[in-house]
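Got a sequence here, can you model it:
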Amino acid sequence: MDLVTRWGLAGKTGPRVVILASVNRPRVRAELDRIEKVIAKSATIVAVDEDESFDFGKSDADLAVVLGGDGSILSAARRMGLHQIPVLGVNLGRLGFLAALREDELEQVWPKVCAGLFPIDEHVMLQCSIRRASQSASDPGQGISTPTQLALNEASILGGPPFSMLQIDLYVDGHLASTYSCDGLIVSTPVGSTAHNLSAGGPILHRQLQAVVISPISPHTLTMRPVVDRADRTFEMAIRQGHDSVAAVFDGRVLSSLREGDVYQITKAPVSFKMISIPGKGEYQTLREKLGWGGSPRKDEP
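Numbering: from 1, shown residues only. Model (predicted):
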């Protein structure tokens, strides 16, 4: 794809960029001025958003540069909603699975990004909503009782105190798949497969797969294993037995509490998350560096 097609740059000197800066992080605040100067050399900065007030629905930005860690990128994906634009993540946090580019690498890479020389990878996002048991299932207009939310990592059901076992019915495309006796249930995207899903014993998926992982948390039956399925199906997690502190969660944020009979519905979102792919920052390299694959612990570990 040529430069004019990629950024719509007819008559312009570079892409229109919004910088999303989590200035509550000391490293972000310390590096912000220097990074702004680097970006301004090859692009037009339309906004520097330090307080999450930027409105993507009213923006003509071509690209978002996110300063922070993976949490900052999750926040950016959520805020963009249905108005997703390509993202370049600069890791000023800790782990950095998504924000893999270091701040000292930006100056060398940035002109090539602005020239449209790197591909844009698209990643599955989830669309999450809740249907309450107290509402009439015969009236579709009343079935969904919470606003729809987008998730980049995962949608899950988690239980809090008194930490008793949950029973969750999983339906796939309207058919009962299984009833899980567990502490919780996760439906993860490939991007999220290295997050909560990995901690729960689920597999790591290539980020560009059009798939999800269904992973039970501490299942009572040992034969209950994570399952990989297509992302374009409808997944419904119904609370058969729960307690007062059970919650529907997306990307670590609580969507709503859940009562027995409530259904947490997850489908593939109509938009995808777009990330600039930087050469030399492949997934296996990231796994080696961040997870200590190859027998060596992470360098920042004591």
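
any idea which residue sits dead centre in the protein?
Closest residue to the average C-alpha location of the chain: residue 152 at 2.3 Å, with C-alpha atoms, centre = their mean.

That residue - nearest residue in space that isn't next to it in sequence?
If you skip the residues right next to it in sequence, residue 152 has residue 77 as its closest partner in space, 4.4 Å away by C-beta to C-beta, 6 or more residues apart in numbering. Any C-beta I mention is one placed from the backbone N, CA and C, and that applies to glycine too.

give me the element that neighbour is part of.
Using DSSP states H and E, residue 77 falls within helix 70-80.

Then residue 286?
With DSSP H and E as the test, residue 286 turns up in helix 283-291.

Run through the helices of the stretch 51-200 of the chain in chain order.
In the stretch 51-200 of the chain, the helices defined using DSSP state H, counting those that start in this stretch lie at 70-80, 106-114, 140-143, 196-199.

Would you enumerate the residues in contact with the closest residue to residue 130 other than its chain neighbours?
Closest residue in space to residue 130, ignoring its immediate chain neighbours: residue 146 at 4.3 Å, by C-beta to C-beta, 6+ apart. Contacts of residue 146 were listed using C-beta atoms under 8 Å, 6 or more residues apart in numbering, and they are 129-130, 255-256.

And those residues, which is closest to residue 192?
Nearest to residue 192 among the contacts of residue 146, counting by C-beta to C-beta, is residue 255 at 15.4 Å.

Check whether the residue lying closest to the closest one once chain neighbours are set aside sits in a helix, strand or coil.
Sequence neighbours aside, residue 248 is the residue nearest to residue 255 in space, at 4.4 Å (criterion: C-beta to C-beta, 6+ apart). In terms of secondary structure, residue 248 is strand; the call rests on DSSP: H, G, I helix; E, B strand; the rest coil.

so how far is residue 27 from residue 18?
When distance is defined by C-beta to C-beta, to the nearest Å, residue 18 is 20 Å away from residue 27.

Among these two, which residue is more densely surrounded?
Each of residue 18 and residue 27 has its neighbours counted (other C-beta atoms under 10 Å); residue 18 has more, 21 against 15.

Which secondary structure element is home to the more buried one?
With the criterion set as DSSP H and E, the secondary-structure element containing residue 18 is strand 16-21.

now swap in residue 229 and tell me
With secondary structure defined by DSSP H and E, residue 229 is part of strand 227-230.

List the pairing partners of that strand within its sheet, with orientation.
Applying DSSP bridges to the sheet, strand 227-230 is found paired with strand 211-217 (antiparallel).

picking up where we left off before, how about the contacts made by the residue nearest to residue 255?
For residue 248, the contacting residues are 128, 130, 155-157, 254-258, 262, 264, by C-beta under 8 Å, 6+ apart.

7 Å instead, please
With contacts defined as C-beta atoms under 7 Å, 6 or more residues apart in numbering, residue 248 is in contact with 130, 157, 255-256, 258, 264.

same deal with residue 148?
Each residue near residue 148 by C-beta under 7 Å, 6+ apart is listed here: 127-129.

which ones among these are found in strands?
127-129 (DSSP state E).

Looking at the residues you listed, which one is closest to residue 65?
For residue 65, the closest of the ones in strands among the contacts of residue 148 turns out to be residue 127, at 26.1 Å, with distances computed as C-beta to C-beta.
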